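[1] Coordinates for the following, if possible.
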Amino acid sequence: MARLVQTLPTPHSHSLHGPTVIGRAAEADITAPDPRVSKAHCVVEPFDEGWRVRDLGSRNGTMVNGTRVASVALVDQDEIAVGTFKVKFLTRDPDIESVQVAEVDGSRRIAISISAGDERAFLTADRLDAGALATAYDKLRIAHELSLELGVERSLEALFHKLLKYCAKALPVERGAVMIAVDKGWTAQAVYEAKNSDDRIVVSRTVLARVRDTHMALLIDDAATDASFSAARSIQLSGARSLLAVPIVTGGAVRAVILIENMAKSGAFGEQDLVLLTGIARHAALAVERSDLVRRLEVEAENRAYLGRFLAPAVLEQVASGQVGLDLRRSVRRQVVVLYSDMRGFTAFSESAGPEETVEMLNEMFEVLVESVFAYGGVLDKFIGDAVMAMWGAPLARPDDVERALACGLDMMVRVEMLNQRRIAAGLSPIRIGVGVNAGEALVGAIGSSRRMDYTAIGDTVNLASRLKDLAAAGEVLTTAETLARAPGLAGEERGTVHVKNRTQGVELRRVIGPT
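    Residues are numbered from 1 along each chain as shown. A predicted model of the protein is given here:
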């Protein structure tokens, strides 16, 4: 939301919700008490997708950045001057400088934006005595040390504990907490209590709500006399006299609030403390964002490693870049093509060979079969003993998925034969496989338990593909007449009809030969 921040004659902030008239009249939206200002001098109003200032025929004119204007579109940080009255136009940016000061029964309440650097809080060295200069230097030294620690801290809990530890070293803090915003409430991430503090901290939801809603830090000199907060029961229960609350803002939202209190003394914290802790909160916000980014990258890396187990590299890149949607949280019905490849004579082989040789043979076979699946853009579903299950049509559907799957089956035969040539030359027995391919509707998604999920397909289409694999002879790619009809570029020969469970009519079988 855009704002006008009054800089002269006194600091104040005005949120822009619609046309806002600046003028000398009391009924103006923003009153400018200057005789050179007309009663209705100018208006700041919505314009296209932004805001503009328009002079309302004033005698002395409206100035923007020192230039007199009749009407001009506003950009962030533009200064509007009417007479001696000045305001800055600001978009909702955490780097905005905005200071509000309120006097309540002689006690001040100060609010400053999260990233503001109010140099007025830090006097020049020639205006400080030796004691004050040493104190200010010590605070800055500790703040610098903390900023270095925040730069390498990945644990948010440890980060917030360090923040409170810094506050206790540099400021007269008796109790403190870092409150994390969760849903519509708050939870304490870190808590500090001085050794001489008898009571546990009572967090004021009124203060937290004010900081969250305004994105502004609060310094309350005396909570007991501040009319805005004295009615808050939580503040009265806390017994705090001085209070400092600073937001940690990430992504345009208040992620957490640093809250520190002094129970005995009013005015325990000063403007310098407010600005100093505001700067520390900015460093903390960067550390939080970095922690979030690292975690996102770790999750993405884990997801990529997981998806890389069964997705072809080209498909994986499309999923990772968001070009292809893959929601592992739910299952959907899709038109798919399922391929099963199974070794012939595996039982006899494993009985005659030792376990080491059997595992080595399976790894060799699976290596060439998976290469074939990925070469034709398929999804590696799973290994089942000596069998491989692959799928086309999910998560990426293509018009030639059936032809890809059948061609993959033929390619598997070629690759296994090439592998056999190496095995025979090494004095090892050859490998024989049979392949079954079927197309149809299936339920696709992440299926399993909370500990182990697999991206797979289930349904009658899958079951029939498995049955075709069992019927296929060594060196044969077996499919149905219906599936082969969807691959006009491939030819096949009849292999009779078979009756399968849950189907009233027989399934016409076809042996895939090659291109037409």
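[2] State the distance from residue 440 to residue 478.
    Residue 440 sits 15 Å away from residue 478, going by CB to CB, to the nearest Å. Every C-beta, even on glycine, is put in place using the N, C-alpha and C of the backbone.
[3] Just want to know which of the two has more residues nearby.
    Set side by side, residue 440 and residue 478 show more neighbours around residue 478, with 26 against 18, by other CB atoms under 10 Å.
[4] tally of neighbours for the closest residue to the more buried one other than its chain neighbours?
    The shortest distance from residue 478 to any non-neighbouring residue, by CB to CB, 6 or more residues apart in numbering, is to residue 472 (3.9 Å). Residues near residue 472, counting by other CB under 10 Å, number 26.
[5] ditto for residue 180
    Per other CB under 10 Å, the neighbour tally for residue 180 reads 18.
[6] what sits against it?
    Residue 180 makes contacts with 186-189, 255-256, as judged by CB atoms under 8 Å, 6 or more residues apart in numbering.
[7] In the helix or strand harbouring it, which residues are buried?
    Using DSSP states H and E, residue 180 falls within strand 175-182. By 16 or more other CB atoms under 10 Å, the buried positions in strand 175-182 come out as 175-181.
[8] Could you double-check that residue 156 lies in contact with residue 291?
    Yes. Contact criterion CB atoms under 8 Å: residue 156 and residue 291 qualify, at 5.8 Å.
[9] Give me the more crowded residue out of the two.
    residue 156 (20 against 16).
[10] where does the more buried one sit relative to residue 165, distance-wise?
    15 Å.
[11] and if you look at residue 359?
    As judged by CB to CB, residue 359 and residue 165 stand 55 Å apart.
[12] give the contact list for residue 43.
    Residue 43 neighbours (CB under 8 Å, 6+ apart): 19-22, 53-54, 56.
[13] same thing with residue 481?
    Applying CB under 8 Å, 6+ apart to residue 481 gives the contacts 494, 508-510.
[14] Convert the C-alpha atoms of stretch 378-392 to CSV, please.
    Extracted in CSV, the C-alpha atoms of stretch 378-392 (Å, rounded to 0.1, in the frame of the first residue of the first chain):
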residue,chain,number,x,y,z
GLY,A,378,9.4,-43.0,-20.4
VAL,A,379,9.1,-43.0,-16.7
LEU,A,380,10.9,-45.8,-14.7
ASP,A,381,8.2,-47.0,-12.4
LYS,A,382,9.9,-49.7,-10.4
PHE,A,383,12.0,-52.9,-10.3
ILE,A,384,10.1,-56.0,-9.3
GLY,A,385,12.6,-58.9,-8.8
ASP,A,386,14.0,-59.5,-12.3
ALA,A,387,11.3,-57.3,-14.0
VAL,A,388,11.1,-53.6,-14.9
MET,A,389,8.0,-51.5,-15.1
ALA,A,390,7.9,-48.3,-17.1
MET,A,391,5.2,-45.9,-18.1
TRP,A,392,4.4,-43.2,-20.7
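[15] Use 648 as the first number from now on
    OK, 648 is where the count begins now, so the last one is stretch 1025-1039.
[16] Distance from the chain centre to the lengthiest helix in the chain, please.
    Longest helix of the chain, by residue count under DSSP state H: helix 918-954. Centre-to-centre, helix 918-954 and its host chain are 11 Å apart (CA atoms, centre = their mean, to the nearest Å).
[17] Kindly calculate the angle that that helix makes with strand 822-829.
    40 degrees (axes from the mean of the first three to the mean of the last three CA atoms, to 10 degrees).
[18] in helix 918-954, what's buried?
    Buried, per 16+ other CB under 10 Å, within helix 918-954: 918-932, 934-935, 938, 954.
[19] what's it packed up against?
    With contacts taken as 3 or more CB pairs under 8 Å, 6 or more residues apart in numbering; DSSP states H and E, helix 918-954 sits against strand 754-760, helix 777-797, helix 803-817, strand 863-867, strand 889-897, strand 900-909, helix 960-967.
[20] Select from these the stretch with the lowest mean pLDDT.
    Note on the helices and strands packed on helix 918-954: lowest mean pLDDT is at strand 754-760, with a mean of 44.
[21] sorry, back to before: what mean pLDDT does the longest helix of the chain get?
    On average, helix 918-954 scores 75.
[22] and it with helix 803-817, angle?
    Using the same axes, to 10 degrees: helix 918-954 against helix 803-817 is 170 degrees.
[23] Which residue lies nearest the spatial centre of this structure?
    For the chain, the residue nearest the mean C-alpha position is residue 943 (6.5 Å; CA atoms, centre = their mean).
[24] what ranges of the stretch 948-1097 of the chain fall below the confidence cut-off?
    Applying pLDDT under 70 to the stretch 948-1097 of the chain picks out residues 950-977, 1094-1097.
[25] What pairs with the strand with the most length in the chain, parallel or antiparallel?
    Ranked by number of residues, the top strand in the chain under DSSP state E is strand 1079-1095. Using DSSP bridges, strand 1079-1095 pairs in its sheet with strand 979-991 (antiparallel), strand 1100-1105 (antiparallel), strand 1124-1127 (parallel).
[26] okay if I get those strands as a markdown table plus distance to residue 737?
    Putting those into a markdown table (distance: least, CB to CB, whole Å) gives the following:
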| stretch | distance to residue 737 |
| --- | --- |
| strand 979-991 | 46 |
| strand 1100-1105 | 48 |
| strand 1124-1127 | 67 |
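[27] State the distance from the closest residue to residue 689 other than its chain neighbours to residue 723.
    Leaving out its chain neighbours, the residue that sits closest to residue 689 by CB to CB, 6+ apart is residue 709, at 4.3 Å. Distance, residue 709 to residue 723, by CB to CB: 18 Å.
[28] Mind checking which of those two has more residues around it?
    Taking other CB under 10 Å, residue 709 and residue 723 do not tie; residue 709 has more neighbours (25 against 14).
[29] what's across from the more buried one in the sheet?
    On the basis of DSSP bridges, residue 709 is bridged to residue 716.
[30] Residue 987: neighbouring residues, count only.
    For residue 987, the tally of surrounding residues (other CB under 10 Å) stands at 26.
[31] Mind listing the residues bridging to it?
    residue 1036, residue 1083.
[32] quick one: contacts for it?
    1034-1036, 1082-1084, 1112-1113, 1115-1116.
[33] try 10 Å
    Residue 987 makes contact with 1028, 1031, 1034-1037, 1056, 1081-1085, 1109, 1111-1117, 1119, 1125, according to CB atoms under 10 Å, 6 or more residues apart in numbering.
[34] which parts of stretch 697-713 are buried?
    For stretch 697-713, a neighbour-count test (16+ other CB under 10 Å) marks 698-700, 702, 705, 708-711 as buried.
[35] Restricting to C-alpha, output it in PDB.
    The C-alpha coordinates for stretch 697-713 follow below in PDB (Å, rounded to 0.1, in the frame of the first residue of the first chain):
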ATOM      1  CA  GLY A 697      -0.200   4.000  -9.800                       C
ATOM      2  CA  TRP A 698      -0.600   7.400  -8.200                       C
ATOM      3  CA  ARG A 699      -0.300  11.000  -9.300                       C
ATOM      4  CA  VAL A 700      -0.300  14.400  -7.600                       C
ATOM      5  CA  ARG A 701      -2.500  17.100  -9.200                       C
ATOM      6  CA  ASP A 702      -2.500  20.800  -8.300                       C
ATOM      7  CA  LEU A 703      -6.000  22.200  -7.500                       C
ATOM      8  CA  GLY A 704      -5.400  25.700  -8.900                       C
ATOM      9  CA  SER A 705      -3.300  26.800  -5.900                       C
ATOM     10  CA  ARG A 706      -1.800  30.300  -5.800                       C
ATOM     11  CA  ASN A 707       1.800  29.300  -4.900                       C
ATOM     12  CA  GLY A 708       1.900  26.000  -6.800                       C
ATOM     13  CA  THR A 709       2.800  22.400  -6.000                       C
ATOM     14  CA  MET A 710       6.400  21.300  -6.100                       C
ATOM     15  CA  VAL A 711       7.600  17.700  -6.800                       C
ATOM     16  CA  ASN A 712      11.300  17.200  -6.200                       C
ATOM     17  CA  GLY A 713      11.800  21.000  -6.500                       C
END
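[36] Now, of the contacts of residue 987, which are buried?
    Buried members of the contacts of residue 987, scored by 16+ other CB under 10 Å, are 1028, 1034-1037, 1056, 1081-1085, 1109, 1111-1116, 1119, 1125.
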